[in-house]
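**Q** My questions concern the predicted model and sequence given below.
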Amino acid sequence: MACREVTTWITENVLVPVERFFTEAREACETARRWVEEEVQQPIESWISQTERRCREQDCNWWCLCCNKWFCWLVTIVVRIVTWVVVTIAKWVVYLVCKIVVTVVGIVVELVLKVITRLVSFFVCIFTDPVKAFSALWDLFNDIVDAVDDVLGLVVSLLDDVKEIINDVKGLVDGIGRSFCICGEVACAIFTAIFGAISGVLSWASDIVDWVQDTVQGVRDLVGGILSLDWCRIQRALGIFNVLRVIGSVTRIIGTIFYAGPKALIDMDSIQARIDASLNAAFSGDPARLARSRDQANLGGSPVGLPCRLDPRRLAIVSSEFLRGLATSGVLDLYAIAGRFTACEGKFVYTQFDGEVVYTGTATTVSKTDIDDFLALGAAAVPSFTVYPIKQAVFRRHLETASRKGLQIGLRFNWQRPVDLAVAEARFVPLASDDGALGDAVQKDLFRLMGRPDTAEPLEVIPVIAVFGYVDPTVHGLTSWFRPASNATSPTGTTFRSRFPEVVFQYVAIHEIGHYLGLNHDPHTSAGEIMWKPSQPTDWGASVVNYLLTTGEANFTLDDIDVVWNWITTNTAVRDRFLP
C-alpha cells in the first residue's frame with residue numbers, strides 16, 4: 001500500500017503539475033496564432049478587399065489614362081504585400097519559436113522528472129511490492145519511448161505548420177492575382193491564369209509535404225508500436241506506405257499547375273457571382289443591408305467568404321467507475337487508446353480510436369501501471385486521467401481541412417482550441433444515434449449538454465464534436481440540421497469519429513458541416529466531391545481523373561455554393577444569424 005501511495009503522490013504532486021504547465025504553454029502558443037489570424041490578419045484582408053472593390057468601381061479619369069485606378073491598384077498591391085510580410089512572417093516566427101522551445105524544453109524536463117519518479121518508485125517498492133517495482137521499470141522504458149514519440153510528433157506537427165505556411169503564401173498569390181481584375185476583364189483573365197499556375201505549384205508543394213508527413217507518421221507509429229508492443233499502433237504504421245502517394249503527385253504535376261490552380265482562382269468569380277445573386281435576391285429591397293452583407297462576405301476581395309465559427313469539442317471521460325465499467329465490458333480498450341501494450345483485441349485498427357489517455361489537464365500519456373491499477377482497484381488508486389476519442393493534433397488537422405474547404409462554398413471558418421465535453425452516461429459511448437431507426441435524439445441531448453439551446457440557438461456557430469463512435473459502427477459522422485421546411489427541431493450540430501487511415505477520413509468533419517449548411521449526398525457521384533457517400537452511385541472515371549490528374553483532394557462543387565447560400569439567405573432565422 002505504501003508503495004502505491006508514494007508513486008501516486010509523486011505523480012499527482014510533482015509530475016502532473018509540471019506537465020500541465022507545459023501543456024498550457026503549448027496551447028498558449030496556438031491560441032496566440034489563432035488570435036493574430038482572426039483579430040489582425042482577417043480584418044486587414046477585409047479592409048484591403050473593400051479598397052480594391054472601390055478601386056474597381058470608381059469611374060476612370062480618361063485625361064490621365066485611368067491613372068486614378070492604376071494608382072489605387074498599386075497602393076492596394078503594396079499594402080497587401082507589406083502587411084502580409086509584416087503580419088504573416090511575424091505570426092509564424094513568434095509561433096514557431098514559441099512552439100519549438102516549449103515543446104523541446106517540455107520533452108526534456110518531463111523525461112527527467114519521469115526518470116526520477118520511476119527510480120524512486122522502484123527503490124521504494126522493491127522490498128514491499130516487487131511486482132510493482134519492476135512495473136516501474138517497464139513504465140520507465142515506456143517513458144523513453146514516449147519521449148522519442150514526442151520528438152517525432154514535433155516533426156509531424158512542424159510539417160503541419162509548413163503546409164499552413166504554404167497555404168498563407170498561396171493566399172497572398174491568389175490575392176495579388178485577383179487584384180489585377182481592377183484593370184479590366186482581359187488583364188483579369190491573363191493574370192488570373194498566371195498567378196493561378198503559381199498557386200498550382202504551391203498546391204503541389206503542399207501535397208508533397210502532406211505525403212512526407214504521412215510517411216514520417218508511419219515511421220513514428222512503427223517505432224512506437226514495436227517498442228511499446230502495441231499491435232494497434234503497429235497496424236497504423238501501414239500509413240508508411242502512403243509514400244506511394246508520390247505516384248499521384250507526379251501524375252498531377254501538369255494538371256495541378258496548368259488546370260487545377262488557374263481553375264481554383266477563376267472559380268472565385270463564379271463563387272462571388274453566386275453569392276451576390278443570393279444576396280441580391282434576399283436584400284434587394286434593403287440596399288444598406290445588401291451592402292453590409294457584401295462587405296461581410298468579402299465580395300470583390302480575397303479570400304471571398306463570410307466569417308463563420310466552428311465550436312470544436314472532444315468527448316471526455318474522466319477516470320471513474322463509469323469509465324472502468326466501459327473498459328471492463330469491452331466498450332473501450334484503454335490500452336489501445338493509450339498506445340500501451342495491447343493485442344488490439346484481435347481486431348483491425350480500423351475499429352479502434354486514434355485517441356489518447358492522458359493525465360487530466362496534460363498531454364502526457366498515462367502509464368501502463370496506472371491503467372492496470374485503475375482497472376483492478378478503481379479510480380481512487382491512481383491519479384486522475386481523461387480519455388479522449390481523438391488526439392488534439394489530429395482534431396486540429398480535421399479543422400484545418402474544414403477551414404480550407406469552406407472557402408470553396410464562400411465561408412471562412414474560424415475556430416479556437418477544441419475543448420472538453422465531459423460525459424458520464426452509457427448512451428453517449430457509443431452514441432445511441434444514427435441516420436436510421438434510432439434518429440438523432442441522443443445526439444441532440446449531447447448538444448444540450450454542451451449548452452446549445454433548443455430555441456434561438458446561434459446557428460452561425462457550428463458544433464463539431466468528436467465522439468466515441470456510434471451504435472451503428474458503419475457511421476462515421478452525423479448531423480442534426482436546421483430545416484424549417486421539414487419541421488426539424490433544435491438543437492443542431494455535427495458529430496464525427498476518428499478512423500484509420502486519416503488520409504481517407506480527413507473529410508468526414510467537413511462533410512457533416514456541409515450537411516449542416518444544407519447540402520445532401522445527391523447529386524454527388526465522385527469520390528473527388530466532399531458530399532459524396534460510398535453507398536451512392538459512383539462515377540469512378542471522374543474519381544480517378546481527380547486523383548491522378550487534377551487536385552487529388554475532395555472538393556465542394558460550384559453547385560454546392562447555390563445550395564449553401566440558398567439555405568443561408570432564404571431561411572429567416574438563419575439569415576438573421578449569419579447576416580444580421
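**A** Structure's in. What do you need?
**Q** Look up the closest residue to the residue nearest in space to the middle of the chain, ignoring the ones flanking it.
**A** Using Cα atoms, centre = their mean, the residue of the chain that lies closest to the mean C-alpha position is residue 399, 2.0 Å off. Nearest residue to residue 399, sequence neighbours excluded (Cβ to Cβ, 6 or more residues apart in numbering): residue 415, at 5.4 Å. Any C-beta I mention is one placed from the backbone N, CA and C, and that applies to glycine too.
**Q** neighbours around that neighbour, how many?
**A** Burial of residue 415 is recorded as 20 neighbouring residues (other Cβ atoms under 10 Å).
**Q** And the protein, what are its domain boundaries?
**A** 2-186, 306-313+393-578 (automatic domain parsing).
**Q** Between the two ends of the first one, what distance do you get?
**A** Yep, that's domain 2-186 we're talking about. 82 Å (Cα to Cα, to the nearest Å).
**Q** so how far is it off the chain centroid?
**A** On the basis of Cα atoms, centre = their mean, to the nearest Å, domain 2-186 sits 13 Å off its chain's mean C-alpha point.
**Q** hmm, back to that, which one of the domains of the chain is the most hemmed in?
**A** domain 306-313+393-578 (a mean of 19; mean count of other Cβ atoms under 10 Å).
**Q** Now do that one, average pLDDT.
**A** Here domain 306-313+393-578 scores 92 as its mean pLDDT.
**Q** CA-only coordinates of the top strand by length along the chain in CSV, if you can.
**A** Taking DSSP state E as the criterion, the chain has its longest strand at strand 306-318. Extracted C-alpha coordinates of strand 306-318, given in CSV (Å, rounded to 0.1, in the frame of the first residue of the first chain):
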residue,chain,number,x,y,z
LEU,A,306,-18.5,35.0,-44.8
PRO,A,307,-16.9,34.5,-41.3
CYS,A,308,-18.5,31.5,-39.6
ARG,A,309,-17.4,29.9,-36.3
LEU,A,310,-16.8,26.3,-35.6
ASP,A,311,-17.2,25.1,-32.0
PRO,A,312,-14.9,22.1,-31.7
ARG,A,313,-15.5,19.7,-28.7
ARG,A,314,-14.0,16.4,-27.7
LEU,A,315,-15.9,13.9,-25.6
ALA,A,316,-14.0,13.4,-22.4
ILE,A,317,-14.4,10.6,-19.9
VAL,A,318,-12.6,11.2,-16.6
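**Q** Strands along the stretch 251-400 of the chain, start to end?
**A** Assigned by DSSP state E, counting those that start in this stretch, the stretch 251-400 of the chain shows strands spanning 306-318, 356-359, 385-388.
**Q** In its sheet, which strands sit next to the last one, and in what direction?
**A** Here strand 385-388 has these sheet partners by DSSP bridges: strand 306-318 (antiparallel), strand 356-359 (antiparallel).
**Q** Tabulate those strands (JSON lines), appending distance to residue 274.
**A** Converted to JSON lines, the strands paired with strand 385-388 look like this (distance: least, Cβ to Cβ, whole Å):
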{"stretch": "strand 306-318", "distance to residue 274": "13"}
{"stretch": "strand 356-359", "distance to residue 274": "41"}
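**Q** Tell me which of these sits nearest to residue 544.
**A** Closest approach to residue 544 among the strands paired with strand 385-388 is made by strand 306-318 (31.9 Å; Cβ to Cβ).
**Q** where exactly do the strands run in the chain?
**A** Counting by DSSP E, the strands of the chain are 306-318, 356-359, 385-388, 411-414, 419-422, 461-466, 477-480, 493-496.
**Q** Mind checking the ones you listed for the one nearest to residue 169?
**A** Here strand 411-414 is closest among these (Cβ to Cβ), at 17.8 Å.
**Q** now for the closest one, which elements pack on it?
**A** strand 306-318, helix 392-406 (3 or more Cβ pairs under 8 Å, 6 or more residues apart in numbering; DSSP states H and E).
**Q** quick one: which of those is nearest residue 35?
**A** strand 306-318 (13.9 Å).
**Q** okay, the angle between that closest one and strand 461-466?
**A** 40 degrees (axes from the mean of the first three to the mean of the last three Cα atoms, to 10 degrees).
**Q** what's near enough to touch residue 565?
**A** Applying Cβ atoms under 8 Å, 6 or more residues apart in numbering to residue 565 gives the contacts 274, 275, 278, 279, 409, 410.
**Q** Check residue 523 too.
**A** residue 559.
**Q** again, only using 10 Å
**A** 529, 531, 532, 536, 537, 557, 559 (Cβ atoms under 10 Å, 6 or more residues apart in numbering).
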